[in-house]
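A.B. asks: pasted the sequence and its predicted model underneath.
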Amino acid sequence: MDRIDSQIVALLQKNARITNTELADKVGLAPSSAWERVKRLSQAKTFTGFHADVDPAALGIRLQAMVAVRIGRHDRERVDRFRREVLGIREVVALYHLAGRDDYLVHVVVRDAEHLRKVVLGSFTTRPEVAHVETHLVFEHVRKPALPDYTGADE
């Protein structure tokens, strides 16, 4: 990835709806060259998808939580089953596998406190591989619009 590829990635992270003409102008390329670079970056799986940021309240989501989970026994089968089944829960929007005291941090979105209670009790505490669950309410969720680029970093 060169400097121009890095610029393209940064611009598309900030606004995936930018036109190819605007993108080409901002990075100093002909539109056909910019399009070829975007295609190549997509084929290389640099881009894993494009999405729209949505206000959770507009979808009836009034509460978010992080559910910290400890697995009782660690073996590949249990870990894989937990991961697969948790990712199938409608309310789960992100799953983080961790090092440290907790094995997983699960980001869930729900309508209200009763909905959260049902999800935690029905989808986590009843799982045979789960030894401990701790729920943390999210007061604010802010996602940065772009990942930093370390491809050319000296650090």
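C.D. replies: It's in. Residues are numbered from 1 along each chain as shown.

A.B. asks: all strands of the protein, in order?
C.D. replies: 63-71, 92-97, 104-110, 130-138 (DSSP state E).

A.B. asks: most tightly surrounded among these?
C.D. replies: strand 104-110 (a mean of 21; mean count of other Cβ atoms under 10 Å). Every residue, glycine included, has its C-beta placed from N, CA and C.

A.B. asks: who's the most centrally placed residue in the chain bridged to?
C.D. replies: Residue closest to the average C-alpha location in the chain (Cα atoms, centre = their mean): Ala94, at 5.5 Å. Beta-bridge pairing for Ala94 (DSSP bridges): His107.

A.B. asks: can you tell me the closest non-neighbouring residue to Ala24?
C.D. replies: Among residues not flanking Ala24 along the chain, Ala34 sits closest, at 3.7 Å (Cβ to Cβ, 6 or more residues apart in numbering).

A.B. asks: Glu91 now?
C.D. replies: Closest to Glu91 by Cβ to Cβ, 6+ apart is Val108, at 4.6 Å.

A.B. asks: likewise for Thr46?
C.D. replies: Nearest one to Thr46, counting by Cβ to Cβ, 6+ apart, is Val9 at 6.4 Å.
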